[in-house]
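Asker: give me a model of this one.
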Amino acid sequence: MKKNRLGKSSITVSDICMGTMTFGNQADEKSSFRIMDMAYDAGVDFYDTAEMYPVPPDAKYAGETEEIVGRWMKTKDRESLIIASKVAGPSHVWITAPFRGGKTGLDRHHIVRAVEGSLRRLGTDYIDLYQTHWPDADYPLEETMMALDELVRSGKVRILGCSNESTWGLTKSLWASDIHGLARHDTIQNNFSLNNRRFEDELAQACRQENVSLLPYSPLGGGVLSGKYNDGAFPEGARFSMYQQSPKRQQAMMHRFVNKKTLESTRRYQAIAAELKMSLVTMAIAWSKQHDFVASTIVGATTPEQVPELLAAAEVTLSHEALKQIDAVSRDIPYPMG
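Answerer: Numbering: from 1, shown residues only. Purely as a prediction, here's the structure:
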């Protein structure tokens, strides 16, 4: 499996990363172990988790994902793994994190509490990549970066990243790190898929110029690009099927991912994949990892049976003609996720 460097750091990772956000609710521990074993055996050395996982967030199982990953890590050589986790952002933005009394934030107090909890649940004394899960635009970025820098200097964390961040937030944080001589973000983890190409508008150029690597999450558009929501279907147990009865914020997310435009673009992409004699799942992941600003594409599974189709993308390089066909769909249906 191809390896890429994370930003300006010394860390290189497989260009497919195994995400874990379903472990502990949609996937039980046995299935989670099997999924990670299959990825590891195929050459995946990069695993992404978060203190808030699994999703949707719920106090009754918050942190369970890290505990499952931690128990699995004990079956492997720790030095062979690159482990990423995240500290939750402030609960007053768009979601209430189910811990620390719902008063989460990105100040020193919360960052220290969060990393200590993650280290304990993972059963390790360091995290390779530590990321802010979402930003706090009202809190001084230099204060956040100073707190994160302490983690790097102490050896609890190797490198830093952000997630769900804007162009302004990324470049502002890099400026703060440069001005104050602090560790900088080497990665950004944002939503990026065939159905959501907004990253290419501005953030891609910021990443190129500042040598920051994108770690795309949801390369299957929240599962829509698997085809399981075709014709308006909502399969039992699927994420957006669960969100139908969730709070308004989750319902709004469901409608963003599953709508007439995303279903139509998915139908057209399926036709292209069929011409290429591969599944749309494989094509979508191959397309994601083929961008110059992408270091590793984060995939996820709820069952071991889904894994081979995901990992098949490691061996695929899409042709110039295939990329042109994909771009034509994006021009016909711009921004299907709004």
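
Asker: residue ranges with poor pLDDT in the stretch 151-300 of the chain?
Answerer: For the stretch 151-300 of the chain, applying pLDDT under 70 flags the ranges 237.

Asker: now with 80?
Answerer: Within the stretch 151-300 of the chain, the stretches with pLDDT under 80 are 232-251.

Asker: could you pull out the helices for it?
Answerer: Listed in chain order, the helices found in the stretch 151-300 of the chain under DSSP state H, counting those that start in this stretch are 167-180, 203-210, 239-243, 248-257, 260-275, 280-289.

Asker: now these in a markdown table, with mean neighbour count and distance to residue 44?
Answerer: All C-beta spots, glycine's among them, are computed from the backbone N, C-alpha and C. Converted to a markdown table, the helices of the stretch 151-300 of the chain look like this (neighbours: other C-beta atoms under 10 Å; distance: least, C-beta to C-beta, whole Å):
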| stretch | mean neighbour count | distance to residue 44 |
| --- | --- | --- |
| helix 167-180 | 17 | 26 |
| helix 203-210 | 17 | 22 |
| helix 239-243 | 20 | 22 |
| helix 248-257 | 16 | 25 |
| helix 260-275 | 17 | 22 |
| helix 280-289 | 24 | 12 |
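
Asker: would you reformat those as CSV and include distance to residue 301?
Answerer: Output for the helices of the stretch 151-300 of the chain, formatted as CSV (distance: least, C-beta to C-beta, whole Å):
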stretch, distance to residue 301
helix 167-180, 29
helix 203-210, 27
helix 239-243, 12
helix 248-257, 18
helix 260-275, 19
helix 280-289, 10
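
Asker: looking at those, which is closest to residue 71?
Answerer: Closest approach to residue 71 among the helices of the stretch 151-300 of the chain is made by helix 239-243 (24.1 Å; C-beta to C-beta).

Asker: what packs against that closest one?
Answerer: With contacts taken as 3 or more C-beta pairs under 8 Å, 6 or more residues apart in numbering; DSSP states H and E, helix 239-243 sits against helix 248-257.

Asker: who are the contact partners of residue 85?
Answerer: Counting by C-beta atoms under 8 Å, 6 or more residues apart in numbering, residue 85 touches 48-51, 66, 118, 122, 127, 129-131.

Asker: now with 7 Å?
Answerer: Neighbour list for residue 85: 49-51, 66, 118, 127, 130 [criterion: C-beta atoms under 7 Å, 6 or more residues apart in numbering].

Asker: mind checking how far the helix or strand where it lies is from the chain centre?
Answerer: Following DSSP states H and E, the helix or strand that holds residue 85 is strand 82-87. Computed by C-alpha atoms, centre = their mean, to the nearest Å, the chain-centroid distance of strand 82-87 equals 10 Å.

Asker: when you give positions from now on, start the count at 26
Answerer: Understood, numbering begins at 26; the last thing we discussed is strand 107-112.

Asker: in its sheet, what does it sit against?
Answerer: Neighbouring strands of strand 107-112 in its sheet, by DSSP bridges, are strand 71-73 (parallel), strand 152-157 (parallel).

Asker: number of residues surrounding residue 66?
Answerer: 9 (other C-beta atoms under 10 Å).
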